[in-house]
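**Q** Predicted model, plus sequence, below.
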Amino acid sequence: MSDVIKLLPDSVANQIAAGEVIQRPASVIKELVENAVDAGATSIKIIIKDAGRTLIQVVDNGCGMTATDARLSFERHSTSKITQASDLFTLHTMGFRGEALASIAAIAQIDMRTMRHGDSLGTRIVISGSQVESQTPEACAPGTNMMVKNLFFNVPARRKFLKKDAVEFSNILHEFQRLALVNTNVEFSLIHNDIPQAQLLRGSLKQRISELFGKAVERRLIPVETDTSIVRLAGFVGLPEHARKRGALQYMFVNGRNMRHPYFHKAVMQCYDQLIPADEQPDYFLSFTVDPETIDVNIHPTKNEIKFENEQPIWQILSAAIKESLGRFNAVPAINFDVDDMPEIPAFQPDTDARHEIEIDRSYNPFRPSTANRDWEQLYNNFQRERNDALEMQSSLNTAPEDTDSGLDLLPSADMPEATLDLDTLQSSAATLQVKGRYIASPSKAGLLLVDQHRAHLKILYERYLDMYRQGTLTAQRVIFPEILRLSPAQHSIMESITGELSRVGFDLAYLGDTSWSINGVPSVIDSLNPTETIERMIDNVTETGADITAELHERLALSMARSAAVKSGQPLSPGEMDQILSDLTRLPDPTLTPDGLTVMKVIGLDEIGRMFG
Ligand code: ADP
Ligand code: MG
């Protein structure tokens, strides 16, 4: 019997390898962008056509290649990044397997131009299904310009397997977001079918997050930072009240590389135990820096799954850091800032030098678009001020119980009427105090006014949206980065029935096929709105109430929008914000109840206060 075993030709081996590395257009983008980053690029431009099916082009200003390297780069196992197995443990590059270009060249048509900085002539190389068709010297810009055309042109089964453009594009967007988040020192642009989708400047992680997901996201996040001998951790986690059933933004990076790490994910989730419902998920953006020798990135070809040597200690460090941040930003109800034994909290280091100044912005108005400018320093200042207020309040109460000028004018006066919600008596004074991040307390003529901050703001916004709806002044404001909404079939059918109404209240929606929608614009009144979350909530509302979908839909939409946009319980407010809420509230015809019948405010009458003191 003759021998039957043969060595596979390289082109076939490459096609097989491609199956592992390149599943879809998004995988090509990942590999090419990682190569550009490894080449030291500071600017990366991505141009795609038909969701990557026809063209994926990545243009970088990195180091470029010589003519020989350009040719070699498409050979299997050709890499400039490691030379021996032990290099795997000191990796500072994204790539190292030398597989990506060979794999891509096996299943697409390549047209690459590359030139090293300082050279006067570059190289152009054209490849189709692993066959080099031409290599010529050519004048080109320093860096590398890689075009990948007609992906899977020679693997019809794989090409057929590609999903609709909208779905592939949404995968590309997700990959783009991940790449942009770990490479904040690189300028990115993304163009799809000649339409610019994103233009990101170099900046901090915080800036990147808000460029990618909207300014409003900043308000939902608190910083997490810690530095130990085994790991340096930096990033942000979401405030518990912004946790979501679907679509939470969850990103982990290690040494500038994206990773999936179910174990650390669990560590984060445990910190939110008791704080959020079991079926909700918090946002997080967590960046780990460790000694490269303590991780193994080579356990999967896409290099997303990573093994850590110090998993358990890192779990503990991660968990402690997140809990501390949640506590520090008053996101945990059990932590009490007015008690004496407050834990020592290491100083927070915001990334500007202005950190020693504590500014109180009395003109701050949460309802104007300027809300979007609120930044971490301000959040921190609020925290500091709250703490100081609480301490001050405590000491003034302790040391000067008789001092009626201490800010709270609570003494009963004989001619005061029984407390009612007579609006004239509710004029707020300068003395507003936030209690537990949930209530606004303010002395008023009738006694002590207590207002639930979230319900009050919800009520104000609800009335405002209804007014605007009646006057037809709710208009769409384009979002920089359209969000993709992927719905279940059930949600989708409800969505179809409410799109007319949604566009009347100012949403600009485009149907992408399947059950996906792109949110291209949101009502201009709302800058703190998370569009996907709001729409999903509206759909859930309609599902839960099961009522006639169109009747009073605008009221329900107004309520949902108000719910999403209103300041949350636990959100620190400045005195200016509190004053604004109180004065807006007192202007409403009926400020006492929310649209769904919950108490917005209470007045503890002077008589009642008098009685308390016997
Ligand atoms: P790996 O990234 O794992 O080394 P690739 O197949 O992705 O393997 O790339 C092969 C080699 O081609 C790289 O090691 C690098 O030397 C070179 N290369 C690829 N892309 C670029 C680029 N954009 N700029 C400069 N060199 C590149
Ligand atoms: Mg690579």
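**A** Ah, there it is. Ligands and ions are numbered 1, 2, ... in the order given.
**Q** and the stretch 1-150 of the chain, which of its residues are near ligand 1?
**A** Listed as neighbours of ligand 1 in the stretch 1-150 of the chain under the rule C-beta under 6 Å from any ligand atom: 31, 35-36, 38-39, 60, 62-65, 73, 78-81, 95-102, 144. Yep, even glycine has a C-beta here, placed from its N, CA and C like the rest.
**Q** if you look at those residues, which of them are in strands?
**A** Counting by DSSP state E, those place Asp60, Thr144 in strands.
**Q** helices or strands up against the helix or strand containing Leu559?
**A** Leu559 is part of helix 553-565 when elements are defined by DSSP states H and E. Here helix 553-565 touches helix 453-471, helix 489-504, helix 531-545, going by 3 or more C-beta pairs under 8 Å, 6 or more residues apart in numbering; DSSP states H and E.
**Q** List the buried residues of the helix or strand hosting Leu326.
**A** Using DSSP H and E, Leu326 sits within helix 311-328. Within helix 311-328, the residues that qualify as buried are 314-315, 317-319, 321-328, counting by 16 or more other C-beta atoms under 10 Å.
**Q** Quick one: mean pLDDT for that helix?
**A** Over the span of helix 311-328, the pLDDT mean works out to 92.
**Q** Now do stretch 102-109: everything it contacts.
**A** 11, 14-15, 17-18, 20-22, 28, 31-32, 74-78, 110, 126-130, 148-155, 158 (C-beta atoms under 8 Å, 6 or more residues apart in numbering).
**Q** pLDDT-wise, which helix or strand of this structure ranks last?
**A** Lowest by mean pLDDT, DSSP states H and E among the helices and strands of the chain is helix 376-399, with a mean of 40.
**Q** which element follows it toward the C-terminus?
**A** Scanning forward in sequence from helix 376-399 by DSSP H and E, the next helix or strand is strand 433-435.
**Q** same for that next one, what does it pack against?
**A** Checked by 3+ C-beta pairs under 8 Å, 6+ apart, strand 433-435 has helix 376-399, strand 439-444 packed alongside it.
**Q** how about the residues of this protein near ligand 1?
**A** By C-beta under 6 Å from any ligand atom, the part of the chain that sits against ligand 1 consists of 31, 35-36, 38-39, 60, 62-65, 73, 78-81, 95-102, 144.
**Q** Just the buried residues of those residues.
**A** Neighbour counting by 16+ other C-beta under 10 Å classes 31, 35-36, 38-39, 60, 62-65, 73, 79-81, 95-102, 144 among those as buried.
**Q** would TSV of the buried residues of helix 311-328 with distance to Tyr469 be doable?
**A** Formatted as TSV, the buried residues of helix 311-328 follow (distance: C-beta to C-beta, whole Å):
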residue	distance to Tyr469
Ile314	50
Trp315	49
Ile317	49
Leu318	45
Ser319	45
Ala321	44
Ile322	40
Lys323	42
Glu324	43
Ser325	39
Leu326	37
Gly327	40
Arg328	40
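**Q** out of those residues, which one sits closest to ligand 1?
**A** Among the buried residues of helix 311-328, Ile314 lies closest to ligand 1 (C-beta to the nearest ligand atom), at 26.5 Å.
**Q** Which residue is the nearest non-sequential neighbour of that closest one?
**A** The spatial neighbour of Ile314 that comes closest, neighbours along the chain excluded (C-beta to C-beta, 6 or more residues apart in numbering), is Val231 at 5.2 Å.
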